[in-house]
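*Asks:* got a structure for you, letters missing:
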Ligand code: ATP
Ligand code: MG
């Protein structure tokens, strides 16, 4: 580790963007418990950066500075931090110690000019945006913008433009140093993983449910995933696609994700005798939710999550949604309920799930009756549940299920469902 934290001292030999500026969003709004969230975020950042040449992470004036042993891995580290929830933006920056800077901010201007030359691309104008965290600094933001802007303009020969510039050079004035950077990469937002408790997410092979799980993970939840597959035993599960979706979600989690694979056959052999075709779809959802609720209790989850979107298909009419889970004694969150397919698809693409979700898969939902009732009363399902002994179906399904652990790197460990943790 360099003793000056990689501060830029000789711009003639190039710049050394070996510090990442990391800002957080909503945590800043927290009151007395803010340190708890900050500690979580810091731990999660450390885990995401394991194996990277990080020499130190410090919290300075409401942001984190991640110091690297050289600039080579700066972009790779920024990529990793973009998948840590709770972060608003990330920027590889050049640090300039305050005592290296004369009253004309010459060195800041020179570094800003260097970075502008490197990154300006095809921009036709630019802006310098200064933020002063050190209120005691003798020049105000406008004055700094002007001085640094002059140096940048001379270097790249472009005019400054204050509104909607093509290109921005940022200057951050902290108490001990200046930080200069050209790009701000969006972070994932939300709250740090682990700060909101555990939820049990129902994962199908479709587009919606991975997005629903991701949105809850973004709110700081740790997720256990449950998938119901067509077949009787784990050996029948053609789970490659589901595991790939779980692996994708695991990238956003600092701890391994649990994925339960549960067979549908224990439901089907009972339903065949007792459940009329038009009730099958909704009854089957009851079975799935009850399996998930039983798993949630084992995994210490306090709520279930589904990818339902109101009116999307027959099982998602308001009446049917109301009839599916009246007896769960656990909240069911449906983060997509008010979104339309276009919005959901855009999110799916953004998180990289879409190309996996559109792979062919024989989901056990797709083999249910093609004409389900659009409006089912809970009372009818209650009677059917007693007649077919739904709790026995759930118990049997869990006993034949499989529990997998998926590490952040995609490593997979199989654990028999009946095994203790
Ligand atoms: P699609 O993009 O095809 O709509 P989907 O995931 O929304 O995919 P739906 O058939 O609309 O699938 O099911 C609604 C919700 O029920 C899903 O979002 C998911 O949470 C849950 N679900 C459906 N099928 C399964 C399954 N086989 N295992 C676990 N959960 C499921
Ligand atoms: Mg759907």
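*Replies:* Here it is on my side, so go on. Everything numeric in this text was worked out from a predicted model, so none of it was measured. Numbers count the residues shown, from 1 in each chain. Ligands and ions are numbered 1, 2, ... in the order given.

*Asks:* Quick check: buried residues in stretch 26-46?
*Replies:* By 16 or more other CB atoms under 10 Å, the buried positions in stretch 26-46 come out as 27, 37, 38, 40, 41, 42, 44, 45. Placement of C-beta: from N, CA and C, glycine included.

*Asks:* Outside of that stretch itself, list whatever touches it.
*Replies:* Stretch 26-46 is contacted from outside by 22, 24, 54, 57, 59, 62, 64, 66, 81, 84-87, 189-195, 254, using CB atoms under 8 Å, 6 or more residues apart in numbering.

*Asks:* Show me how far that stretch is from its chain's centre.
*Replies:* Chain-centre distance of stretch 26-46: 16 Å, with CA atoms, centre = their mean, to the nearest Å.

*Asks:* State the mean pLDDT of it.
*Replies:* In this model, stretch 26-46 has an average pLDDT of 89.

*Asks:* start the count at 37, not 1, going forward
*Replies:* Fine by me, first position is 37 from now on; the one you just mentioned is stretch 62-82.

*Asks:* Please report the number of neighbouring residues for residue 112.
*Replies:* 12 (other CB atoms under 10 Å).

*Asks:* got the phi/psi numbers for it?
*Replies:* Backbone torsions for residue 112, taken as degrees, to the nearest 10, come to phi -60, psi -40.

*Asks:* Show the residue spans covered by the strands in the stretch 87-236 of the chain.
*Replies:* For the stretch 87-236 of the chain, applying DSSP state E, counting those that start in this stretch gives strands covering 90-96, 99-104, 123-133, 163-168, 204-209, 213-217, 221-222, 234-238.

*Asks:* Of all those, which one is nearest residue 263?
*Replies:* Taking CB to CB, strand 234-238 is the member of these nearest to residue 263, at 7.7 Å.

*Asks:* Outline the domain layout of the protein.
*Replies:* 47-222, 234-452 (automatic domain parsing).

*Asks:* highest average neighbour count across these?
*Replies:* Of all the domains of the chain, domain 234-452 carries the top mean neighbour count, a mean of 19, counting by mean count of other CB atoms under 10 Å.

*Asks:* Quick one: mean pLDDT over it.
*Replies:* The pLDDT scores in domain 234-452 average 89.

*Asks:* Quote the end-to-end distance of that domain.
*Replies:* For domain 234-452, the first and last residues are 21 Å from each other (CA to CA, to the nearest Å).

*Asks:* which residues touch the closest residue to residue 413 other than its chain neighbours?
*Replies:* Excluding its sequence neighbours, the residue lying closest to residue 413 (CB to CB, 6 or more residues apart in numbering) is residue 359, at 6.2 Å. Taking CB under 8 Å, 6+ apart, we find residue 359 in contact with 318, 412, 413, 414, 416, 417.

*Asks:* for residue 436, same thing?
*Replies:* Applying CB under 8 Å, 6+ apart, the residues contacting residue 436 are 268, 269, 270, 298, 299, 302, 453.

*Asks:* closest to residue 201 among the residues you listed?
*Replies:* residue 298 (53.9 Å).

*Asks:* For the closest one, name its beta-bridge partners.
*Replies:* residue 264 (DSSP bridges).

*Asks:* which of the contacts of stretch 62-82 are close to ligand 2?
*Replies:* Filtering these for proximity to ligand 2 by CB under 5 Å from the ion leaves nothing.

*Asks:* circling back: a markdown table please, covering the contacts of residue 359 and showing secondary structure.
*Replies:* Shown next, in a markdown table, are the contacts of residue 359 (DSSP: H, G, I helix; E, B strand; the rest coil):
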| residue | secondary structure |
| --- | --- |
| 318 | helix |
| 412 | coil |
| 413 | coil |
| 414 | helix |
| 416 | helix |
| 417 | helix |
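
*Asks:* Could you dump those into JSON lines with distance to residue 85 added?
*Replies:* JSON lines is the format used below for those (distance: CB to CB, whole Å):
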{"residue": "318", "distance to residue 85": "46"}
{"residue": "412", "distance to residue 85": "50"}
{"residue": "413", "distance to residue 85": "53"}
{"residue": "414", "distance to residue 85": "49"}
{"residue": "416", "distance to residue 85": "54"}
{"residue": "417", "distance to residue 85": "49"}
